[in-house]
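J.: Need the 3D shape of this:
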Amino acid sequence: MKNLRGAITFGGFLFALSICVNPAIAQISNVTLDEAIEMALANSPEIKRALLAIEDSEELVTIAYSDIYPEISSSMSYSRNIELPVTFVPGEFFGGAAGTLIPVQFGTDNDWAGGFTVNQTLFRGETLIGLSTATIFKTVQQENFRAVSQQIVTQTRIAYYQVLVALEQLRLQQVQIERLEQNLEENQKREEAGLVDSYAVLQLQVQLNNQQPLLIEAEYAVKETYRNLNLAMGLPYSFEFEVVGSLNEFDVLDLEDTAAINAEILEIDQMTPFAYQNEIVEAGLLAQNRGDLRVLDASLELKDREIMAVRSRFLPTLEATYNLQWSASEPDAPTFFDNNNRFQILGLNLNLPLFQGFSRNADVQRVLIERKDLEEQVRATSLLAQNEVASASEDLNMAFETANARKIALEQAQEGYERAQLRLENGLGSQLEVTDAEVQVRQAEVNYALMVFNYLTAKAQYDLATGVVPFVDTQLSE
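T.: Okay, the predicted model is just below:
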């Protein structure tokens, strides 16, 4: 985790530096999935906030340890008596009549005082417990950083796949329009030759006009998914690039046969294991790996320390004080500390709180209630985790079970379209057959791309649900 923190900090620095040195980098041609994840880890505001929380926890540890060190202070004062103060004493003290008062001046023209004071806490329950509490709080922030990193990686993976599926849908719309335009041109020629009537041409024109708005919608959908990916990567929406990958060339059942354009996607997908009909992950393993459960576990330990700290308020406190002071007084013109006297004081202060109302008892009960609440959160999160793993596993299994049928349907639809075209060219078929075949091809291509998208998305969600996420818990092979 420490290496990940260093890589994120250094990566973000290099990226920001490259932007400053070369603004043209804001227009990168291609970004692979691993590069997108690295940029997300380096630039995500959530990641940076989690890092700041760790730095803040480190400062809190320093503050906690400062309570066991002695507190040393120094002071110095000087006063000039413009008129010496007067005190009235009975006259008989100086041979006067009884019942009279005689003014007597006390003090000198110049008074100095200065020295050092050392306070050392010898025993205070909350201070001793606070040392370990601060360390555990730092652990909580580190676990939170890991959980946030897992979330960012998963969000980036899914956002990247959403761009790919939007591009695939745009490509299919473009291909369909190209097919319709080609068929329209050919049928217009057949109409001129008297081979088909004008109604067949009109059908194609209506179909083409209905398809144009779908193409525009697909273009805007691509732009939206790119903006979402930029958001996941922590970059401005104006950052332009092209993703690398093709869902239609990704073979779920035969990964070795996957096209080279999907190499990075495949490598990241295979960084974490999953087997068809994988057994349900044990709750203990989830608690060991999942970020949210690890944060709650550390929070429970932190709450236990808080309970001990609150209970320690019933214990006595013991402090030691040492004073080293100098004082001086003299008349007329001041000569600083020329006539001074030194004295030292060492003292112990034992404070035993006997009764302060019922607030301390109430404080103990409150933290006990908060701990029970945390236990319920752990139980609810554990149930949610098991459900998320089961759902992601079922989605992956469904992708495996439907992949072969989707692949065969796509091959058959493509073959059917080619046959319908050939039959029309030979005068054996109709334009309606070609149109139906074209619709089947487009639907088969969309279904296959969505199946791959569902598989990759489910795999990313499965990794997050089990708590073993690429780039956070596993690294790319060199």
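J.: so who does the closest residue to residue 78 other than its chain neighbours touch?
T.: Closest residue in space to residue 78, ignoring its immediate chain neighbours: residue 112 at 5.3 Å, by Cβ to Cβ, 6 or more residues apart in numbering. Yep, even glycine has a C-beta here, placed from its N, CA and C like the rest. Residues in contact with residue 112 (Cβ atoms under 8 Å, 6 or more residues apart in numbering) are 76, 77, 78, 326, 327, 328, 329, 336, 337, 340.
J.: Residue 112 pairs with what?
T.: residue 78, residue 328 (DSSP bridges).
J.: Repeat that for the one 4 residues further on.
T.: Here residue 116 sits in beta bridges with residue 74, residue 324, as judged by DSSP bridges.
J.: Residue 473 touches residue 291, doesn't it?
T.: No: checked against Cβ atoms under 8 Å, the pair residue 473 and residue 291 is beyond contact range at 9.6 Å.
J.: which neighbours do these two share?
T.: In terms of Cβ under 8 Å, 6+ apart, residue 473 and residue 291 are both contacted by the residues 150, 467.
J.: on that earlier part again, now for the contacts of residue 112, which sits with the most neighbours around it?
T.: residue 328 (20 neighbours; other Cβ atoms under 10 Å).
J.: before we move on, the earlier item: the contacts of residue 112: which two are farthest apart?
T.: Spanning the widest gap among those are 76 and 329, at 14.9 Å by Cβ to Cβ.
J.: excluding its backbone neighbours, what's nearest the one residue sitting closest to the centre of the chain?
T.: The centroid of the chain falls nearest to residue 148 when counting by Cα atoms, centre = their mean (2.7 Å). Counting by Cβ to Cβ, 6+ apart, residue 50 is the residue found nearest to residue 148 once chain neighbours are left out, at 4.4 Å.
J.: so what's the one you found scoring on pLDDT?
T.: We have a pLDDT of 89 for residue 50.
J.: Repeat that for residue 257.
T.: So residue 257 comes in at 64 (pLDDT).
J.: next one: the one 3 residues further on
T.: pLDDT recorded at residue 260 is 83.
J.: And for residue 100?
T.: pLDDT at residue 100 comes out at 80.
J.: Could you tell me how far the residue at the greatest distance from the centre of the chain is located from residue 90?
T.: Distance to the chain centre peaks in the chain at residue 97, reaching 88.5 Å (criterion: Cα atoms, centre = their mean). Using Cβ to Cβ, to the nearest Å, we find residue 97 at a distance of 10 Å from residue 90.
J.: Where does pLDDT dip in the protein?
T.: Residues of the chain meeting the criterion pLDDT under 70: 1-28, 195-196, 255, 257, 275-284, 337, 430-432, 476-478.
J.: can you give me the strands in it?
T.: Remark: strands assigned in the chain by DSSP state E are 27-31, 71-80, 86-90, 101-105, 110-123, 240-243, 317-330, 340-351.
J.: Can you tell me which helices and strands the second one packs against?
T.: So that's strand 71-80. strand 110-123 (3 or more Cβ pairs under 8 Å, 6 or more residues apart in numbering; DSSP states H and E).
J.: and residue 31, how many neighbours?
T.: Neighbour tally, residue 31, other Cβ under 10 Å: 20.
J.: Which residues are in contact with it?
T.: Counted by Cβ under 8 Å, 6+ apart, residue 31 has contacts 39, 241, 242, 243, 244.
J.: rerun at 7 Å
T.: By Cβ atoms under 7 Å, 6 or more residues apart in numbering, the contact list for residue 31 reads 241, 243, 244.
J.: ok, it to residue 258 distance?
T.: Counting by Cβ to Cβ, the gap from residue 31 to residue 258 is 19 Å.
J.: any chance of the contacts of residue 112 in CSV, with distance to residue 452 too?
T.: Listed next are the contacts of residue 112 as CSV, based on distance: Cβ to Cβ, whole Å:
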residue, distance to residue 452
76, 78
77, 81
78, 84
326, 84
327, 87
328, 89
329, 93
336, 87
337, 87
340, 89
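J.: of all the residues you listed, which comes closest to residue 230?
T.: residue 76 (61.0 Å).
J.: Now do the contacts for that closest one.
T.: Taking Cβ under 7 Å, 6+ apart as the test, what residue 76 contacts is residue 114.
J.: same thing with residue 395?
T.: 454, 458.
J.: at 6 Å what do you get?
T.: residue 458 (Cβ atoms under 6 Å, 6 or more residues apart in numbering).
J.: Residue 67 too?
T.: residue 127.
J.: any idea where the helices of the stretch 351-478 of the chain begin and end?
T.: 359-425, 431-466 (DSSP state H, counting those that start in this stretch).
J.: Can you tell me which of those is packed in deepest?
T.: Highest mean neighbour count among the helices of the stretch 351-478 of the chain (mean count of other Cβ atoms under 10 Å): helix 431-466, with a mean of 21.
J.: How much space separates the residue nearest to residue 148 from residue 472?
T.: 12 Å.
J.: Looking at these two, which one has more neighbours?
T.: Taking neighbours as other Cβ under 10 Å, residue 50 and residue 472 compare with residue 472 leading, 25 against 22.
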